[in-house]
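**Student:** generate coordinates for the sequence data below:
(chains A and B)
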Amino acid sequence: MTDTEFTGEEAVATATLPLDAWHRAKGGRMVEFAGYWMPIQYEGIMAEHLWVRESAGLFDVSHMGQLLLSGEGVAEALEALVPGDISALKPGRMRYSLLLNDEGGILDDLMITNEGDQLGIVVNGAVKWEDIGHLRENLPDHITLNHNEDYGLLALQGPKAVDALARLIPDVADLVFMQAIPATWNGHTVGVSRSGYTGEDGFEISLPNEALTAFADALCAMEEVKPIGLGARDSLRLEAGLPLYGHDLNDEIDPVEGDLAFAISKRRREEQGFPGAARILGHLEDGPPRRRVGLLIDGKLPVREGASLFDGEDQIGVVTSGGFAPSVGAPIAMGYVPRDHAVPGTAIAAEVRGKRVHCTVAAMPFVPHRYVRKKGA
Amino acid sequence: MPRYYTEEHEWIDVDGDVATVGITDFAQGQLGDIVFVEVPDTGAELTAGGDAAVVESVKAASDVYAPVDGTVTEGNGQLEEDPALVNSDPEGEGWFFRMTLSDKSQLDGLMNAEAYKAFCDDL
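**Tutor:** Presented below is the predicted three-dimensional model:
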């Protein structure tokens, strides 16, 4: 079940992450993902998923790329490649954005943090090498791009994450959603942000590889915290309505089609200087031909990626993510449908193993986000 | 009542000319939380090694194969309401379907409990 697939093109050995031995010692079942051995689950996806929603779960996301951009006018330079207002990003603040190709297609989705003297960027593990190549090729020569492979990345997610993490780094309790600070733990310089990809309150912590094991042990020694695998990470983000790059987003889908128009900042819409602006602004104005939507599935049969969507006999779209949603207690999915079907309440059908399954276009998220946006709120 | 096992991690209990089929405890442990089971219709003709049922975990759908040739006499209707029975009692209440045996000699190619345990230990 965990065999590496050899495509015949290039047999690249699966790499190990700094916490590899830690995951195995915790009972993690390791699978190949984005070129690394990663834990798909420990005690079971369902239990891990529900644990994150009620307590706190620790995820190792060290496969993701941590990039640093610096140089005169770095924010303006990056704006040539993304549709977000990076110049307006204040120190200690972060923003979700999209790396776009010239046609407005999404090359990756990423988080950009203003770290004061530099921009910190976190990109998806599966496409990080392509991202680095694209940035290096398209940014001016005086902008310095560093890929920080000396640091790992952990995410602590769930309603009790703040209590647990504040025992190690007290300042984190004062952060709000999408705010970041540098901090010190056991003499190590770490970066902490109140962010994540589960829909829950939580944090992402960037810290030196040599500190990862001790930090993970310190968190998992607390009764609120358990390690959580990739399986629950996927079901949590699906319930939160968050797209997964390479599945729900790709280089032929633009931000409006991907239901990510919020990532196109107001100033950028007016000034238009981002890749694919003509197509994207046209889709904003007239509506996109297709759009990413949520789907509530009738019955218990999971509808998964690749399933065709139908309105009567007409095939109208395709499912890009789907599965059983533990907190919803039913199967859910995401997929693309024509604009006139992208209205909550629209009844359509999915095809699974030759059978039609009724489903309903639904507003996302499926489970309400619980981000902490204001102190004390 | 002898119980046989396949390399695809199905078990088969034989009682005269009728057999009961399910997936093993090892298999349910590998699959994780089961959320849906599709059992074959009564009367379906099965061929050894061919698709017989589908089991869906949170993560993925997996095929369950027919261990021998025969005709389905009954699917386990309880699994529709409670697919997690496959996790909690895979080799008992979590059985998938019952079938007739067209060719009893096919059982000779299957493993007994001891051989199956050794097979799993080698995986």
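**Student:** which residue ranges of chain B form strands?
**Tutor:** For chain B, the strands defined by DSSP state E occupy B:3-5, B:10-15, B:18-23, B:34-38, B:45-46, B:51-57, B:61-65, B:70-75, B:97-100.
**Student:** packing partners of the fifth one?
**Tutor:** Taking 3 or more Cβ pairs under 8 Å, 6 or more residues apart in numbering or on different chains; DSSP states H and E as the contact definition, the neighbouring helices and strands of strand B:45-46 are strand B:70-75. C-betas here are computed from N, CA, C, even on glycine.
**Student:** returning to that earlier point: can you put the strands of chain B in TSV and add distance to A:Ala278 and mean pLDDT?
**Tutor:** Shown next, in TSV, are the strands of chain B (distance: least, Cβ to Cβ, whole Å; pLDDT from 0 to 100):
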stretch	distance to A:Ala278	mean pLDDT
strand B:3-5	62	96
strand B:10-15	57	96
strand B:18-23	54	96
strand B:34-38	44	96
strand B:45-46	57	97
strand B:51-57	43	96
strand B:61-65	41	95
strand B:70-75	56	97
strand B:97-100	58	97
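**Student:** right, and those strands - which one's nearest A:Val12?
**Tutor:** Closest to A:Val12 of the strands of chain B is strand B:61-65 (Cβ to Cβ; 27.3 Å).
**Student:** listing partners with orientation, what would you give for the closest one?
**Tutor:** Using DSSP bridges, the strands paired with strand B:61-65 are strand B:51-57 (antiparallel).
**Student:** now the partner strand: how far from the chain's centre is it?
**Tutor:** 10 Å (Cα atoms, centre = their mean, to the nearest Å).
**Student:** equivalent analysis for stretch A:138-147, please.
**Tutor:** On Cα atoms, centre = their mean, the centre of stretch A:138-147 falls 24 Å from that of its chain.
**Student:** quick revisit: now render the strands of chain B as TSV, adding mean neighbour count.
**Tutor:** Formatted as TSV, those follow (neighbours: other Cβ atoms under 10 Å in any protein chain shown):
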stretch	mean neighbour count
strand B:3-5	20
strand B:10-15	19
strand B:18-23	23
strand B:34-38	23
strand B:45-46	18
strand B:51-57	22
strand B:61-65	18
strand B:70-75	19
strand B:97-100	22
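**Student:** how about those strands in a markdown table, adding distance to A:Leu81?
**Tutor:** Shown next, in a markdown table, are those (distance: least, Cβ to Cβ, whole Å):
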| stretch | distance to A:Leu81 |
| --- | --- |
| strand B:3-5 | 56 |
| strand B:10-15 | 53 |
| strand B:18-23 | 50 |
| strand B:34-38 | 41 |
| strand B:45-46 | 56 |
| strand B:51-57 | 39 |
| strand B:61-65 | 39 |
| strand B:70-75 | 55 |
| strand B:97-100 | 56 |
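**Student:** A:Asp259 touches A:Gly294, doesn't it?
**Tutor:** No. At 9.2 Å, A:Asp259 and A:Gly294 do not qualify as touching, with contact defined as Cβ atoms under 8 Å.
**Student:** joint contacts of those two?
**Tutor:** Common neighbours of A:Asp259 and A:Gly294, using Cβ atoms under 8 Å, 6 or more residues apart in numbering or on different chains, are A:Met364.
**Student:** quick check, pLDDT for the residue of the stretch 101-250 of chain A found nearest chain B.
**Tutor:** Of all residues in the stretch 101-250 of chain A, A:Gly231 sits closest to chain B, at 5.3 Å by Cβ to the nearest Cβ. With respect to pLDDT, A:Gly231 scores 96.
**Student:** need the contact list for it.
**Tutor:** Counted by Cβ under 8 Å, 6+ apart, A:Gly231 has contacts A:40-41, A:45, A:48, B:32, B:58-59.
**Student:** check which helix or strand covers it.
**Tutor:** helix A:230-239 (DSSP states H and E).
**Student:** quick one: that helix to chain centroid distance?
**Tutor:** 10 Å.
**Student:** show me chain A divided up by domain.
**Tutor:** Taking automatic domain parsing as the reference, chain A has its domains at A:2-62+A:150-239, A:289-362.
**Student:** could you tell me the end-to-end distance of the last one?
**Tutor:** Between the opening and closing residues of domain A:289-362 lies a distance of 18 Å (Cα to Cα, to the nearest Å).
**Student:** do it and chain B meet at all?
**Tutor:** Yes. Using Cβ under 8 Å from any Cβ of the partner chain, domain A:289-362 reaches chain B at A:300-302, A:304, A:323-324, A:326, A:331, A:353.
**Student:** mind putting these into a markdown table with secondary structure, neighbour count and pLDDT?
**Tutor:** Putting these into a markdown table (DSSP: H, G, I helix; E, B strand; the rest coil; neighbours: other Cβ atoms under 10 Å in any protein chain shown; pLDDT from 0 to 100) gives the following:
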| residue | secondary structure | neighbour count | pLDDT |
| --- | --- | --- | --- |
| A:Lys300 | coil | 17 | 93 |
| A:Leu301 | coil | 21 | 95 |
| A:Pro302 | coil | 25 | 96 |
| A:Arg304 | coil | 20 | 97 |
| A:Gly323 | strand | 26 | 96 |
| A:Phe324 | strand | 29 | 96 |
| A:Pro326 | coil | 23 | 97 |
| A:Pro331 | strand | 26 | 97 |
| A:Arg353 | coil | 11 | 93 |
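**Student:** which pair of those residues spans the longest distance?
**Tutor:** Maximum distance among the residues of domain A:289-362 next to chain B (Cβ to Cβ): 23.0 Å, for A:Pro326 and A:Arg353.
**Student:** so which of the strands of chain B comes closest to A:Asp60?
**Tutor:** Per Cβ to Cβ, nearest to A:Asp60 of the strands of chain B: strand B:51-57, 22.0 Å.
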